[in-house]
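>>> Could you work out the structure for the sequence below:
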Amino acid sequence: MTLLPQVISSQASRYALQRELSHKAGRRTFVAKDLLTQTPVILKLLQLSSAFSWEDIKLFKREGQILQQLSHPQIPQYKDSFETDIDGIRCFVLVQTYIPARSLQAVVEAGKLFSEADVIAIAQQLLSILRYLHQQLPPVIHRDIKPSNILIRETSASAAVAERGTPEIYLVDFGAVQITASQGRGTVTIVGSYGYMPLEQFLGQTTSASDLYSLGMTLLYLLTGTHPAELPQIDGRIETQKLCEMLSLSNQFTHWVCQLTEPYADRRFASSDIAFIALSQRYGAGYLALPDLVC
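Alright, predicted model coming up:
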């Protein structure tokens with residue numbers, strides 16, 4: 001049994017740690033109980049140990065600042081932030097709403113592969129979220145869209161979800177988020193995940209089109225169960241057309257996802273708006289319901 005850390009501060013005493021979700025170098029994430037509201041929350045911790053950098057602090061604080069500005073039912077809500085001592089180590093703490101759902105990566109690793117119809121439904125919901133983010137002034141670029149950062153409601157909740165009209169897909173982990181003055185300008189901080197990150201992001205020139213590439217690679221993973229870095233490639237370019245043909249996907253979807261995953265940003269859809277409209281024109285809005293996706 002893993003012992004939970006001891007949190008020392010009057011502000012932190014409001015939250016009772018219940019279980020640890022992840023533990024990386026200098027970063028830990030917990031499910032906790034808000035003793036004031038009696039509701040579950042997510043506590044993200046950044047420990048100021050010898051392994052931390054000032055860039056880590058900047059990104060961690062930026063996540064809280066961005067979440068405070070956002071209000072979308074498929075994005076975690078900011079609840080609180082503070083500094084405290086945990087097991088004698090100074091930490092920054094960010095508190096967010098808890099979403100009772102599994103990640104798409106966990107679903108695939110459990111043996112589920114998604115159909116074309118499933119993937120279209122997921123893409124429509126994620127594009128709806130990206131449209132909201134990219135329409136902010138200035139635009140908000142997630143920079144780390146991948147299966148582990150996308151949550152889906154469990155099947156047991158599907159009936160209740162459908163009845164309430166509550167969305168089933170959620171985009172989380174805004175720790176790599178970037179705001180930019182315009183979609184024509186790039187960023188200088190290289191953040192993202194190998195295989196899901198486009199060429200321009202490696203070069204520190206991220207734009208909203210970079211999120212579209214990451215979305216496309218995520219969809220290919222859901223269809224194949226294979227990490228993008230392990231998919232067939234020629235000269236560093238994923239053979240999306242050939243892959244879609246092997247999966248017997250429709251010509252309409254193949255053409256759409258090929259444009260989404262173009263290596264060069266100027267060959268992708270010009271915006272998440274255009275990508276969403278192109279997909280919806282081909283398939284309509286009926287795919288927005290996601291019944292029985294989780295095995």
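>>> what are the ranges of the helices in the stretch 51-200 of the chain?
Taking DSSP state H, counting those that start in this stretch as the test, the helices found in the stretch 51-200 of the chain are 54-69, 104-109, 116-134, 158-164, 199-202.
>>> Who are the packing partners of the shortest one?
Meaning helix 199-202. Here helix 199-202 touches helix 208-224, going by 3 or more Cβ pairs under 8 Å, 6 or more residues apart in numbering; DSSP states H and E. Quick note: C-beta positions are derived from backbone N, CA and C, even for glycine.
>>> Could I get the average pLDDT for the helix it packs on?
On average, the pLDDT along helix 208-224 is 96.
>>> Quick check: which helices or strands does it pack against?
Looks like helix 208-224 contacts helix 104-109, helix 116-134, strand 140-141, helix 199-202, helix 240-246, helix 251-260, helix 272-283 (3+ Cβ pairs under 8 Å, 6+ apart).
>>> if we can go back for a sec, compare the mean pLDDT across the helices of the stretch 51-200 of the chain and name the weakest.
helix 158-164 (a mean of 42).
>>> quick one on the thing from earlier: looking at the helices and strands packed on helix 208-224, which is nearest to residue 80?
strand 140-141 (20.8 Å; Cβ to Cβ).
>>> from the chain's centre, how far out does the closest one sit?
12 Å (Cα atoms, centre = their mean, to the nearest Å).
>>> ranking the helices and strands packed on helix 208-224 by burial, who's on top?
Greatest average neighbour count among the helices and strands packed on helix 208-224 goes to strand 140-141 (a mean of 24), per mean count of other Cβ atoms under 10 Å.
>>> so which of the helices and strands packed on helix 208-224 gets nearest residue 81?
Using Cβ to Cβ, the helices and strands packed on helix 208-224 put strand 140-141 closest to residue 81, at 18.1 Å.
>>> Which pLDDT value does the model give residue 291?
44.
>>> Can you get me the start-to-end distance on stretch 242-256?
End-to-end distance of stretch 242-256: 14 Å, with Cα to Cα, to the nearest Å as the criterion.
>>> What residues does residue 283 make contact with?
120, 124, 252 (Cβ atoms under 8 Å, 6 or more residues apart in numbering).
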